[in-house]
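**Q** got a predicted structure here, sequence first:
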2 protein chains.
Amino acid sequence: MTKLQSHGREPFETVDRAPEAQAEGFATVRQAHESEMAEDYVELIAELIETRGEARPVEIAERLGVKPPTVTKNISRLKAAGLVRREPYRAIFLTDAGRELAEACRRRHRIVVEFLLSLGIDEETAERDAEGIEHHVSTTTLEAFEQALKQFRNHE
Amino acid sequence: MTKLQSHGREPFETVDRAPEAQAEGFATVRQAHESEMAEDYVELIAELIETRGEARPVEIAERLGVKPPTVTKNISRLKAAGLVRREPYRAIFLTDAGRELAEACRRRHRIVVEFLLSLGIDEETAERDAEGIEHHVSTTTLEAFEQALKQFRNHE
DNA sequence: GACAAAAGTTAGACATGGCTAACTTATCTA
DNA sequence: TAGATAAGTTAGCCATGTCTAACTTTTGTC
């Protein structure tokens, strides 16, 4: 399980990556930021539909900690992106695409949270950090988290 | 090492957090986004000064994958924030505050990368994901990562 | 059913962090 | 040292995501 020393370099040594690789990394982060809003919203909408029966702007605003006009604007962006269905003044529904995205996000979110918990981190912190981390976890890393979780479960 | 079952709930169960707690979490993420630019820049500037002797906008632009005018604009923001010293058309220097921030960021970055590597993730992915993850890792989580790293090192 | 309260929208502002085009300054080299 | 090239800046544009103030629609209650 520990590849640490097998990379042929000391831990904590600064890696000198090719500038293009580094640039690509930052580009990836910027792209992630662009999809964060959509991901947070559909994830929350799915959660609200499940637990509350419907997703209402006022509730979304409260949960996200933003004001209602922000939600209105962002929901219409999601509508334009084909992720939600919606009539003015009515509740918000997910399209198939929205539901798929929501499912993927919720799965990823759960894995990140569980992984952090398995490190002994408290729930509040795990949830809070996961909110930020989840958008930057590649498939590779997510699989590694799942793998590590399995290990933890076996060894307890 | 595994607190997983001791939290008194099933793994992969959706947590129903208080709306305010959830909102606070999203607020934390938004705040992190605001400091990301500064952190990425000072981190990179420190790296360039160390490896290249000086930090030049053209190099920063190349490494971050942005255009030179973007760098100019952001550097003046950093200057306004007291993180860098700088004369027009000259190289960029860190202030004491900038150096401190850079050090903290680089340390955090290294820990995140090492931690991901210790999970068996390849270097390219580890670096790339760390770039995004590092800004959302609380002190608590960072400590947990360090702790886990120590464990891995002992057990290999 | 009318009216008050709650929910939602619209309009317009602002900061952030990208960009291109055009200009200025610095550096290199013949 | 002059001229070309590279580096850096300025101006002005755009999208994102937030806000407040004011308005409209819906809901709930008497």
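**A** Ah, there it is.
**Q** from now on I want contacts and neighbour counts done on CA atoms only, so please keep to that.
**A** Fine.
**Q** residues from chain A in reach of DNA strand D?
**A** A:33-37, A:65-70, A:73-74, A:89-90 (Cα under 7 Å from any atom of the strand).
**Q** contacts with DNA strand C among those, please.
**A** Within the residues of chain A next to DNA strand D, those near DNA strand C by Cα under 7 Å from any atom of the strand are A:68-69, A:73, A:89-90.
**Q** which among those residues end up buried?
**A** Buried members of those, scored by 16 or more other Cα atoms under 10 Å in any protein chain shown: none.
**Q** which of those residues sits closest to A:G82?
**A** A:K73 (14.5 Å; Cα to Cα).
**Q** contacting residues for that closest one?
**A** By Cα atoms under 8 Å, 6 or more residues apart in numbering or on different chains, no residues touch A:K73.
**Q** how close does it get to A:K67?
**A** Distance of A:K73 to A:K67, given as Cα to Cα, to the nearest Å: 11 Å.
**Q** now the most centrally placed residue in chain A, nearest residue through space, not along the chain?
**A** Centrality entry for chain A: nearest residue to the mean C-alpha point is A:E134, 3.6 Å, by Cα atoms, centre = their mean. Distances taken as Cα to Cα, 6 or more residues apart in numbering or on different chains place A:H109 nearest to A:E134, at 5.9 Å, with adjacent residues excluded.
**Q** isn't that neighbour right next to A:D129, touching?
**A** No. Using Cα atoms under 8 Å, A:H109 is not in contact with A:D129; the gap is 10.4 Å.
**Q** output the below-cut-off pLDDT ranges for chain A.
**A** A:1-16, A:156 (pLDDT under 70).
**Q** show me what from it comes close to DNA strand C.
**A** A:30, A:56-59, A:68-69, A:71-73, A:87-91.
**Q** please flag which of those residues sit within helices.
**A** With DSSP state H as the criterion, helices contain A:30, A:57-59, A:68-69, A:71-73 from among these.
**Q** B:G120: which of the residues you listed is nearest?
**A** Closest to B:G120, out of all of these and judged by Cα to Cα, is A:R30, at 25.3 Å.
**Q** that closest one: how many residues sit nearby?
**A** 14 (other Cα atoms under 10 Å in any protein chain shown).
**Q** how much space between it and chain B?
**A** A:R30 is 9 Å from chain B, where distance means Cα to the nearest Cα, to the nearest Å.
**Q** do the same with A:E127
**A** For A:E127, the distance to chain B - Cα to the nearest Cα - is 8 Å.
**Q** contacts only, for that residue.
**A** A:113, B:25 are the contacts of A:E127 under Cα under 8 Å, 6+ apart.
**Q** let's see it at 6 Å
**A** Residues counted as contacts of A:E127 (Cα atoms under 6 Å, 6 or more residues apart in numbering or on different chains) are A:V113.
**Q** and it, how far from B:G120?
**A** 24 Å.
**Q** helix, strand or coil: sort out A:R85 for me.
**A** Secondary structure for A:R85, judged by DSSP: H, G, I helix; E, B strand; the rest coil, is strand.
**Q** show me what it is bridged to.
**A** Judged by DSSP bridges, the bridge partners of A:R85 are A:F93.
**Q** A:E20: which element?
**A** Here A:E20, judged by DSSP states H and E, is contained in helix A:19-52.
**Q** that helix versus helix B:19-52: what angle between them?
**A** 180 degrees (axes from the mean of the first three to the mean of the last three Cα atoms, to 10 degrees).
**Q** list the residues that contact the closest residue to A:L64 other than its chain neighbours.
**A** Leaving aside its sequence neighbours, A:L64 sits nearest to B:A23 (Cα to Cα, 6+ apart; 4.6 Å). Contacts for B:A23 (Cα under 6 Å, 6+ apart) come out as A:63-65.
**Q** against A:T51, how distant is the closest residue to DNA strand C within chain A?
**A** Per Cα to the nearest atom of the strand, A:V58 is where chain A lies closest to DNA strand C, at 3.3 Å. Going from A:V58 to A:T51 by Cα to Cα gives 15 Å.
**Q** so for these two, which sits in the more crowded spot?
**A** Using other Cα under 10 Å, the more surrounded residue of A:V58 and A:T51 is A:V58, with 14 against 11.
**Q** which one is that one nearest to, not counting chain neighbours?
**A** Looking at A:V58 with Cα to Cα, 6+ apart, the closest residue is A:P68, at 6.1 Å.
**Q** measure the one you found to chain B for me?
**A** From A:P68 to chain B the distance is 13 Å (Cα to the nearest Cα).
**Q** what sits closest to A:T28 if chain neighbours are left out?
**A** B:R128 (7.7 Å).
**Q** just the element for the one you found, please.
**A** helix B:123-133.
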